[in-house]
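Asker: sequence and predicted structure below; questions after.
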Amino acid sequence: MLEPVPGASWGLRAVLSTFAVQDIDDESCVQSRPPLRGMPQPGICLGIRAAWQAAAARLLSRPMIGVVVPVHNEERLIARCIESIQQAARCTRLRAEPVEIVLVLDACTDASQAIASRRKVTVLSGDLRNVGAARALGAAHCLARK
């Protein structure tokens with residue numbers, strides 16, 4: 001059975017438990033078997049377990065929740081918007097799950113850039129002139145994190 005991954009959200013635990021090799025213990029993995037042509041040899045289950053634990057550690061080292069906010073000349077509202085999202089991210093029900101806030105500044109000509117840069121958020125800029133394209137850029141950034 002996989003070792004529990006500290007800090008894993010219920011969603012990550014569900015994914016790992018769905019795909020992990022839970023019913024195989026160490027003894028069954030390393031027992032002698034006749035070699036099968038083209039098949040991994042004994043001990044592969046231990047490798048699978050290690051791979052799953054490494055994958056879980058990588059997933060937990062980055063934010064699992066991303067909030068994308070398209071912004072176009074929102075200097076009056078952007079500070080309160082960021083504060084509101086940060087307050088929601090501190091909700092105890094999230095159990096300290098990391099939350100990344102991504103602001104996509106779309107052809108801003110006001111002070112939105114200056115206000116956003118003073119906050120602990122990721123700021124992307126572009127001359128997209130399209131709210132859907134701004135959302136897509138922010139989502140692509142969140143999904144591309146390693």
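Answerer: Nice, thanks for sending it over.
Asker: please identify the helix or strand for Cys142.
Answerer: In this structure, Cys142 is located in helix 131-144 according to DSSP states H and E.
Asker: what's the answer for Lys120, then?
Answerer: Here Lys120 is assigned to no helix or strand, by DSSP H and E.
Asker: number of residues surrounding it?
Answerer: Using other C-beta atoms under 10 Å, Lys120 has 8 other residues around it. Every residue, glycine included, has its C-beta placed from N, CA and C.
Asker: quick one: residues contacting Ala107.
Answerer: With contact set as C-beta atoms under 8 Å, 6 or more residues apart in numbering, Ala107 has these partners: His72, Gly126, Asp127, Leu128, Arg129.
Asker: apply 10 Å and report the result again.
Answerer: Contacts here follow C-beta atoms under 10 Å, 6 or more residues apart in numbering; on that basis Ala107 touches Val71, His72, Asn73, Ser125, Gly126, Asp127, Leu128, Arg129, Asn130, Ala134.
Asker: try Leu103
Answerer: Contacts for Leu103 (C-beta under 10 Å, 6+ apart) come out as 67-71, 74, 78, 81-82, 85, 112-113, 115-117, 119, 121-125, 134, 138.
Asker: I'd like the next helix or strand past the helix or strand harbouring it.
Answerer: Counting by DSSP H and E, the secondary-structure element that holds Leu103 is strand 99-106. Once strand 99-106 ends, the next helix or strand along the chain (criterion: DSSP H and E) is helix 112-117.
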